[in-house]
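In: Provide a 3D model corresponding to the input given below.
(one chain, ligands or ions: 1)
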Amino acid sequence: MRIGTGYDVHRLVKGRPLVLGGVTIPFEKGLLGHSDADVLVHAVCDALLGAAGLADIGHHFPDSDESYKNIYSIELLRRSYALVMAHGYVLINMDATIFAQAPKLAPHREAMQRTMAQAMQVPADQINIKATTTEGLGEIGAGEGMAAMCVALIGPQ
Ligand code: MG
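Out: Purely as a prediction, here's the structure:
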């Protein structure tokens, strides 16, 4: 078995949709980035790639490449997991945390799990998603951005 971690941060701005775990969530701001800036999916991709010893998301899908502009990050997850499987591994489980002051994410948790599981074609119970505020502390607490972290465990096929 092998383990990997992922961490990502994106800035929140007005005029962008908020996409987390592949789910568009109603909110007054969205995450800024070259892709759809899905901070959760980016952390998940890095955890999977890291577990397989395959560098990181920026290595495989560089933001200098125009073909990834505004790409639905679930597509990057599908491709990242295909790379992991091509190297002989499958997901055992992953556990991710989103850091966001607002909005409340619990109502969207199952949809995010289901969407990511479908992209990877794995059972949804292999994916756990949590969310926490930072109790108003720091940039995330001030609503200037969101962060996410993930730990993924993979094993031989
Ligand atoms: Mg990112």
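In: ok and the residue in the protein nearest the ion?
Out: Nearest residue of the chain to the ion, counting by C-beta to the ion: His42, 3.6 Å away. For every residue, glycine as well, the C-beta is placed using N, CA and C.
In: how much space between the residue nearest to that residue when sequence neighbours are not counted and Asp125?
Out: Distances taken as C-beta to C-beta, 6 or more residues apart in numbering put Asp8 closest to His42, at 4.1 Å, once the chain neighbours are dropped. Asp8 sits 24 Å away from Asp125 when distances are taken as C-beta to C-beta, to the nearest Å.
In: ok, the closest residue to Val41 other than its chain neighbours - contacts?
Out: Counting by C-beta to C-beta, 6+ apart, Val41 lies nearest to Ser73, which is 4.1 Å off, once chain neighbours are set aside. Shown in contact with Ser73 (C-beta atoms under 8 Å, 6 or more residues apart in numbering): 19, 22, 35-38, 41-42, 45.
In: again, 7 Å this time
Out: Applying C-beta atoms under 7 Å, 6 or more residues apart in numbering to Ser73 gives the contacts 35-36, 38, 41-42.
In: higher neighbour count, Asp8 and Asp125?
Out: Asp8 (23 against 9; other C-beta atoms under 10 Å).
In: residue contacts, the more buried one?
Out: 39, 42-43, 46, 147-148.
In: mind putting these into JSON lines with secondary structure, pLDDT and neighbour count?
Out: Output for the contacts of Asp8, formatted as JSON lines (DSSP: H, G, I helix; E, B strand; the rest coil; pLDDT from 0 to 100; neighbours: other C-beta atoms under 10 Å):
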{"residue": "Val39", "secondary structure": "helix", "pLDDT": "98", "neighbour count": "29"}
{"residue": "His42", "secondary structure": "helix", "pLDDT": "98", "neighbour count": "29"}
{"residue": "Ala43", "secondary structure": "helix", "pLDDT": "98", "neighbour count": "26"}
{"residue": "Asp46", "secondary structure": "helix", "pLDDT": "98", "neighbour count": "26"}
{"residue": "Ala147", "secondary structure": "strand", "pLDDT": "98", "neighbour count": "19"}
{"residue": "Ala148", "secondary structure": "strand", "pLDDT": "98", "neighbour count": "28"}
